[in-house]
Each structure stands twice: as C-alpha cells, then as structure tokens.
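Novice: Sequence and predicted structure below; questions after.
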Amino acid sequence: MKENKSTPKQILFLSIMAFTIATMCLLSCEKETTNKCKDSQEGVLRNLTGLDGCGWIIQLTDSTKLEPINLEDFNVELVENKSVCIQYVERIDLGSYCMVGKVVEIVFLE
C-alpha cells in the first residue's frame, strides 16, 4: 500500500494558490461596495402615486426623500426600487402637495 505524501513544492504551490484566490475575492468584494455614482448621489425610485398629491419620488441611501419637479425631463424607466444616480438642486421657493421630502429640480439623472 502506497502512502500519498505531499512534497514541500506541492504545499508551497497550494499555499500560493489559496493566497491568490483569497486576495482576488477580497479585491472583488471591495469593488462592489464602492460608490457607483461618481459626482452624484445614489438612490432608488419609489412610487407614491397612491397617496394624495404624490407621484414618483427618489429615496437616497441615507433615507432622504426627494420630490422631483422635472422627473419627466429625463429618459429613465420608472420602476419601483430601481437604482439611480442623481444630482439635484433643492427648490425652497416651491411647496409640495405630497409633503414627504424635499422638493428638488433634477440636474442629472442616470
């Protein structure tokens, strides 16, 4: 009966492979957590049309709710929970019928 013993070269090779795989996993995970919205804020679309005076809003990752006045100016598919990147200007000169968040004018939406 023959024993299967690992040689030092095999152990070194397996150690290098394990280190390489672990490093690749860590680096790929880091890329997923980076902010995909360069120079803008990340949020999701929310459909509040069932509430009086409400329509589509954008909820930012910090839970801030935005009531855009010009959402229809942008070619974006309105889908509940769709992730978007937004730049906006708050419009303190306008009131809101919905009253769930800040009234904003969108400058950039993707």
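Specialist: Received the coordinates, thanks. Numbers count the residues shown, from 1 in each chain.
Novice: Need phi/psi at the residue lying closest to Lys65 once chain neighbours are set aside.
Specialist: Closest residue to Lys65 in three dimensions, ignoring its sequence neighbours and counting by Cβ to Cβ, 6 or more residues apart in numbering: Gly101, at 2.9 Å. In this view, the C-beta of every residue, glycine as well, is placed from N, C-alpha and C. Recorded main-chain torsions at Gly101 are phi -160, psi -160, according to degrees, to the nearest 10.
Novice: Gly101 touches Glu67, doesn't it?
Specialist: Yes - Gly101 lies in contact with Glu67 (Cβ atoms under 8 Å); the separation is 5.1 Å.
Novice: Looking at the two, which one has more neighbours?
Specialist: For Gly101 and Glu67, the more surrounded residue by other Cβ atoms under 10 Å is Glu67, and the numbers stand at 23 against 20.
Novice: Given the helix or strand harbouring the more buried one, what are its sheet partners and their directions?
Specialist: Element membership of Glu67, judged by DSSP states H and E, is strand 65-68. For strand 65-68, the pairing partners within the sheet under DSSP bridges are strand 56-60 (antiparallel), strand 102-109 (parallel).
Novice: In the worst-scoring helix or strand of the chain on mean pLDDT, which residues are buried?
Specialist: Between all helices and strands in the chain, the lowest mean by mean pLDDT, DSSP states H and E belongs to helix 8-33, at a mean of 72. By neighbour count on 16 or more other Cβ atoms under 10 Å, the buried set for helix 8-33 is empty.
Novice: what's the distance between the residue nearest to Cys98 when sequence neighbours are not counted and Glu90?
Specialist: Here the nearest residue to Cys98 in space, its sequence neighbours aside, is Cys54; by Cβ to Cβ, 6+ apart that works out to 3.8 Å. Cys54 is 18 Å from Glu90, where distance means Cβ to Cβ, to the nearest Å.
Novice: So which of these two has more stuff around it?
Specialist: The neighbour count for Cys54 versus Glu90, taken as other Cβ under 10 Å, is higher for Cys54 (18 against 11).
Novice: who's in contact with that one?
Specialist: Contacts for Cys54 (Cβ atoms under 8 Å, 6 or more residues apart in numbering) come out as 48, 67, 97-98, 100.
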